[in-house]
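**Student:** Using only what follows, build the 3D model:
(one chain, ligands or ions: 2)
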Amino acid sequence: MVMNMVLSSYGLEKYCNSLIESSFYMKRLIKYKSQGENETSIGLLPHTDKTFMSIISTNEVKGLQIKTPQGEWIDFEPSPSKFILLVGEAFMAWSNGKVYCPLHRVLARGNKERWSIGIFCFIRGILQVPEELLDHENPLKFKPFSNLEFLQYCKLQGASTNEAAIQTYCGI
Ligand SMILES: O=C(O)CCC(=O)C(=O)O
Ligand SMILES: [Fe+2]
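**Tutor:** Ligands and ions are numbered 1, 2, ... in the order given. Just a heads-up that it's a prediction; the model follows:
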């Protein structure tokens with residue numbers, strides 16, 4: 001359903017079924033240690049996800065920050081009924097750069113433990129920019145690529161925090 005909502009908002013709903021059929025998910029629970037009352041440290045370095053998209057839900061402790069296209073870091077305000085969807089580098093490349101893939105980080109602050117649960121969605125097979133997104137003004141920016149091989153490449157290169165990894169991997 002989430003995939004459907006996101007793709008529809010970009011007029012790409014026609015690709016929804018095939019993407020859902022090729023998708024698989026990884027789940028990860030992260031615990032961030034509490035800090036001193038007035039202390040702040042980096043819980044997770046700034047990075048972009050290597051996924052197609054990621055869904056994150058957290059306990060009530062703030063910490064996740066997202067960088068806007070204008071360069072401003074904004075806080076994700078947690079609540080029990082809320083989750084955040086982050087576009088990954090694979091979706092950004094498949095959309096030929098149309099969809100923004102945000103840099104995000106986690107600050108560990110204060111004396112409460114923070115938990116987050118992430119559902120990370122990857123696509124099997126070869127991802128190719130839909131022809132509807134291409135014309136004279138919007139030439140192809142990314143060669144066809146495999147999301148899983150891209151993930152492997154980032155692990156081997158130690159490029160997990162490199163926000164331009166997809167550009168180096170399959171950018172034109
Ligand atoms: O813990 C969080 O809120 C974010 C985790 C995250 O960005 C990641 O695992 O890629
Ligand atoms: Fe992330």
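**Student:** What residue in this structure comes nearest to ligand 1?
**Tutor:** The minimum distance from the chain to ligand 1, using C-beta to the nearest ligand atom, falls at residue 116 (3.2 Å). In short, each C-beta sits where N, CA and C put it, glycine included.
**Student:** can you list the weak-confidence ranges in the chain?
**Tutor:** Within the chain, the stretches falling below the threshold (pLDDT under 70) are 159-161.
**Student:** can you map out the strands along it?
**Tutor:** Listed from the start of the chain, the chain has strands (DSSP state E) covering 23-32, 40-47, 53-58, 64-67, 73-75, 84-87, 104-109, 114-123, 126-127, 145-146.
**Student:** Run through the neighbouring helices and strands of the last one.
**Tutor:** Looking back up the chat, that one is strand 145-146. In terms of contacts (3 or more C-beta pairs under 8 Å, 6 or more residues apart in numbering; DSSP states H and E), strand 145-146 is packed against strand 126-127, helix 165-170.
**Student:** can I get the strands of the chain in a markdown table with mean neighbour count?
**Tutor:** Output for the strands of the chain, formatted as a markdown table (neighbours: other C-beta atoms under 10 Å):
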| stretch | mean neighbour count |
| --- | --- |
| strand 23-32 | 12 |
| strand 40-47 | 14 |
| strand 53-58 | 21 |
| strand 64-67 | 18 |
| strand 73-75 | 12 |
| strand 84-87 | 18 |
| strand 104-109 | 20 |
| strand 114-123 | 20 |
| strand 126-127 | 16 |
| strand 145-146 | 19 |
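**Student:** need those strands in TSV with distance to residue 3, can you?
**Tutor:** TSV is the format used below for these (distance: least, C-beta to C-beta, whole Å):
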stretch	distance to residue 3
strand 23-32	7
strand 40-47	22
strand 53-58	7
strand 64-67	20
strand 73-75	24
strand 84-87	10
strand 104-109	20
strand 114-123	8
strand 126-127	14
strand 145-146	19
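**Student:** Out of these, the one nearest residue 7 is which?
**Tutor:** When the strands of the chain are compared by C-beta to C-beta, strand 53-58 sits nearest residue 7, at 10.1 Å.
**Student:** For the residue of the chain most remote from its centre, which non-adjacent residue is spatially closest?
**Tutor:** Within the chain, the residue lying farthest from the chain centre (C-alpha atoms, centre = their mean) is residue 37, at 30.6 Å. Taking C-beta to C-beta, 6 or more residues apart in numbering, and ignoring the residues beside it in sequence, residue 37 has residue 111 as its nearest neighbour in space, at 5.4 Å.
**Student:** Thank you, goodbye.
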